[in-house]
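Q: below is the sequence, then the predicted model.
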Amino acid sequence: MAEKYTVSTLSVESVLGFIKSGEIAIPEIQRPFVWKPKQVRDLIDSLYTGYPTGYLIISQNPEMKLKDGSLAVGKKIMIDGQQRTTALMTAIVGMDVITETFEKKRIKISFNPLASNDTEEERFKVQDNAIKKDKRWIADIATVFAPDFNQWDFVNEYCKDNPEVSGSVINDAVMNLLRIKSCQIGVITLDKDLTIDEVTEIFIRINSQGAKLNQSDFAMSKIAANETYGGNLLRKGIDYFSHLAAQPDWYSDMCKDAEFRQSEYFKAMEWLKDDREEIFDPDYGDILRIAFMYKFGRGKMKDLVSLLGGRDFETREYKEEIAERAFGMLKDGVLEFMNKYSFSNFILAIKSAGFISPRLINSDMTLDFAYTLFLLLHSDASLDSKQVDEYVVKWFVLTTLTSRYITSPETVMDYDLRNIRAKGFVQFFNEIEAAELSDTFWNIGLVQRLETSAINSPFFNTFLAAQIHESDDALFSKGTKVSDLLTIIGDVHHIFPKQYLINNGWKDKAQYNQIANYTYLDTQVNKAISDDAPEEYFTKAFSACEQNTSAYGNIKDSADLEENLRNNCIPEEVITMNHLDYPAFLEKRRQLMAQKMRRYYESL
């Protein structure tokens, strides 16, 4: 059997040289660098000490048949090792990295030439103000690796600052530091004819932590490595949109990219500089997935990787015209994704259903498919925009409640897209709704799913969205909405107080933290309730209303309080309940919550 990869070694200097020359593409070098500064320090120390630092994995694009019939050699792309190579580029070459907050920053590693193996003194540290003032330290090792570094002058200058130190000791230490350039790094080069699945499997088996190769990362690498069809600008467009969506103030930095400012992507996303909406801050994976599903009608990202490489699924050849067409379709999809009207109106539709905070969004995949559906249906001339928004919102709630895109999401999304294309959305939607949201689901299935202590469950979040959609007041409040407490000052609290339950034998967190025991409550009201039994504080609340006053909050009328309990799905029997009735309370409230969610869904 033919080998699927070859193993070799390259010096650090060679690796950095190949990267700077573009012979090995690492497009991720301009993406957020997630390593902590200490990890960069540890890498340099490992190289200095001679410890292994893991393999770099290089994938080579397959040979592509050009339009004239000739074959072109595929480009080499690093698919694992970007963080390590970026760490080397910032520490040794002196390159800025982009942090997770999208700020440009140098990570400077300092070297103590006087440290020895016989002492506990650190040899490398992340540069700080104390080190910069300490003349014993070389504050930034990048100065030693600079092309114009003069070792003789450096040693003399160091000895002037530290007259008690021998020049030969410093010279040896600097020589040892410079040997990092000659350190060997293992390189695994994958065979150019491997399928995407084979590349993924090899990656999993080689990677020491068993991390799965992210298909979006793979696709971004393919895009950035292809300049023929504008992949470099497309990659920037995708990355910059995700940066700007998360941090609008980054706009001024983006404007420094003169080439990008002239592109259509810049014009398409410029509106984001004034956008402060947080419901959907897509990352590059979301943008790729949505653009791909919308334009290609497929749900599996590995198909995008293949198509960008020019794969003909019928002949299994790689053809230039297929790659060209795929890049063109993806570009169109990305630009339509970025469209201010589409993006903003999609967000408005989701918020109109009560999902007003990112805290209520459980699944990025579910939101991704909803935006894909929004774009697809708005391109359907047989549907008006109001119908589209209603269908998108109902599909989003349906797929949230049924966790449709949680297990094997790409397979399910691929299935849904094919059926939408074959049957039309309305017919397919009606079929899924009838199959998934039967009376049994609402009366039994959803009630069972509410039996959980996971506060971020999609079922509790949908219940809160239903309350927000119906403008419900918070418990014991008139005028203070659930939406106000969710977004501004409130928090969830226990209806049967936590300490009250613990004091009476309910010591299991999974029991007293059941989501059916949660409600949004003003903090001052919660403090006033303290650890009282429900039969005590609810009786006190109703008694106060009979006197036209309020014990908690600002409700002074019994009828208003009864309606407030109904809107918060609190069983009317709560006025007589104590810890012995807790299981019955939970069961009854789950039923009421499920009924409310059904009414909410059917009203959308």
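A: Good, I have the coordinates.

Q: just the strands in the stretch 151-300 of the chain please.
A: For the stretch 151-300 of the chain, strands defined by DSSP state E, counting those that start in this stretch occupy the ranges 184-190.

Q: so the closest residue to Ser352 other than its chain neighbours is in which element?
A: Closest residue to Ser352 apart from its sequence neighbours, by C-beta to C-beta, 6 or more residues apart in numbering: Val393 at 6.8 Å. Where C-beta positions appear, they are placed from N, C-alpha and C, glycine not excepted. If you go by DSSP states H and E, Val393 is part of helix 385-401.

Q: state the mean pLDDT of that helix.
A: Mean pLDDT, computed over helix 385-401, is 96.

Q: same thing with stretch 537-544?
A: 96.

Q: and for it, what's in contact with it?
A: For stretch 537-544, the external contacting residues (C-beta atoms under 8 Å, 6 or more residues apart in numbering) are Phe476, Ile529, Asp532, Ser550, Ala551, Tyr552, Ile555, Lys556, Ser558, Leu561, Val574, Ile575.

Q: what's the answer for stretch 281-293, then?
A: 31, 214, 216, 219-220, 238-239, 241-242, 245-246, 298-299, 301, 304, 330, 333-334, 336-337, 358, 364, 367-369, 371-372, 375, 413, 417.

Q: ok, now with 6 Å
A: The contact list for stretch 281-293, computed with C-beta atoms under 6 Å, 6 or more residues apart in numbering, reads 216, 219, 238-239, 242, 245-246, 299, 304, 330, 333-334, 337, 368, 371-372.

Q: with stretch 435-447 instead?
A: Contacts for stretch 435-447 (C-beta under 6 Å, 6+ apart): Thr402, Arg590, Gln591, Ala594, Arg598.

Q: for stretch 335-354, list every residue counted as buried.
A: 335-338, 343, 345-347, 349-351, 353-354 (16 or more other C-beta atoms under 10 Å).

Q: any idea of the mean pLDDT in that stretch?
A: The average pLDDT for stretch 335-354 rounds to 97.

Q: returning to what we had before: tell me which two of the contacts of stretch 435-447 sit farthest apart.
A: Thr402 and Gln591 (18.9 Å; C-beta to C-beta).

Q: thinking again about what came up before, which of the contacts of stretch 435-447 sits closest to Pro458?
A: Thr402 (8.9 Å).

Q: quick one: the closest one from Glu436, how far?
A: Distance of Thr402 to Glu436, given as C-beta to C-beta, to the nearest Å: 5 Å.

Q: higher neighbour count, these two?
A: Using other C-beta atoms under 10 Å, the more surrounded residue of Thr402 and Glu436 is Thr402, with 19 against 14.

Q: show me the contacts for the more buried one.
A: By C-beta under 6 Å, 6+ apart, Thr402 lies in contact with Glu436.

Q: low-confidence ranges in this structure?
A: 1-2, 25-32, 61-75, 100-102, 118-119, 196-197, 200-214, 489-490 (pLDDT under 70).

Q: now the strands for it?
A: For the chain, the strands defined by DSSP state E cover 5-11, 24-25, 56-60, 64-65, 71-72, 76-80, 97-98, 104-105, 109-111, 124-126, 184-190, 491-494, 518-521.
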